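S.K.: give me a model of this one.
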Amino acid sequence: MSGRELMVKIRSIPRYQSCALVAVTGFSAEAEITRFLSDGANEVLNKPVSFVDLKALIYKYLNPAQLDTPDITAAGSFLKLHQTNPDVFDYAKTLEQLSNNGDLLKELLLVLKHELPQYTRSIRECMTGSNAARLAAETHKLQGGVSMLYMYKLEQAAGHVNKAIRDNGFDGRVNNLAELLLVEIDTVSKVLEFHV
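M.R.: The predicted structure follows:
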């Protein structure tokens, strides 16, 4: 059974008619993409698949109504999404750090939401210009900012870039770690965009 046949089969089952289907294909011709969409795909991604694009689609099709709960409405459904994964965002520790002030937490998340695109631009500029000193400064600043929000993965990714610069200067490893940091920034940005 081909992927397109599988999508038609899934769409024929009433309870799965509204689920999101993403076709991943090596075909990029307009006619092929149209066939995937007519067979039931919501989106079509071409190979090689960008991890960032895939994560963005996953967040796009999450139902925010399923994520909301009354106990965290002040901070938005973003908190519910990551409440169960403290490696990404430790809601309980962050709220405790802020003396259980949900409104303050929401404000901090809004600030971060607006700052992350600036970090992305700065980090990309540093990578393009091989500017190790500026990259170290930007990642250090980002690391400090997200540590208060207990976003461990983002904090850790920034810390890895910083350590690699201290150990080796600007090399291929730093570039790879910076790319991974950008993926983490993009993930958090997309979630904040969708939920805060």
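S.K.: where do the strands sit along this protein?
M.R.: Counting by DSSP state E, the chain has these strands, from start to end: 22-25, 43-46.
S.K.: for Leu182, which of these is the nearest?
M.R.: Taking Cβ to Cβ, strand 43-46 is the member of the strands of the chain nearest to Leu182, at 18.9 Å. (Each C-beta comes from the backbone N, C-alpha and C, glycine too.)
S.K.: for the record, mean pLDDT for the closest one?
M.R.: Throughout strand 43-46, pLDDT has a mean value of 83.
S.K.: with stretch 187-196 instead?
M.R.: Here the average pLDDT along stretch 187-196 is 75.
S.K.: now swap in stretch 151-164 and tell me
M.R.: pLDDT averaged over stretch 151-164 gives 87.
S.K.: buried set for it?
M.R.: By neighbour count with 16 or more other Cβ atoms under 10 Å, stretch 151-164 contains the buried residues 151-155, 157-162, 164.
S.K.: gap between that stretch and the chain center?
M.R.: The chain centre lies 15 Å from the centre of stretch 151-164; the measure is Cα atoms, centre = their mean, to the nearest Å.
S.K.: got it, and stretch 178-196?
M.R.: For stretch 178-196, the distance to the chain centre is 3 Å (Cα atoms, centre = their mean).
S.K.: list the buried residues in that stretch.
M.R.: Buried, per 16+ other Cβ under 10 Å, within stretch 178-196: 178, 181-182, 184-192, 194-196.
S.K.: just stretch 109-116 next, same as before
M.R.: Those would be 109, 112-113, 115-116, for stretch 109-116 by 16+ other Cβ under 10 Å.
S.K.: now it: mean pLDDT?
M.R.: Computed over stretch 109-116, the average pLDDT equals 88.
S.K.: so Leu45 makes contact with Ser28?
M.R.: No. Contact criterion Cβ atoms under 8 Å: Leu45 and Ser28 do not qualify, at 10.3 Å.
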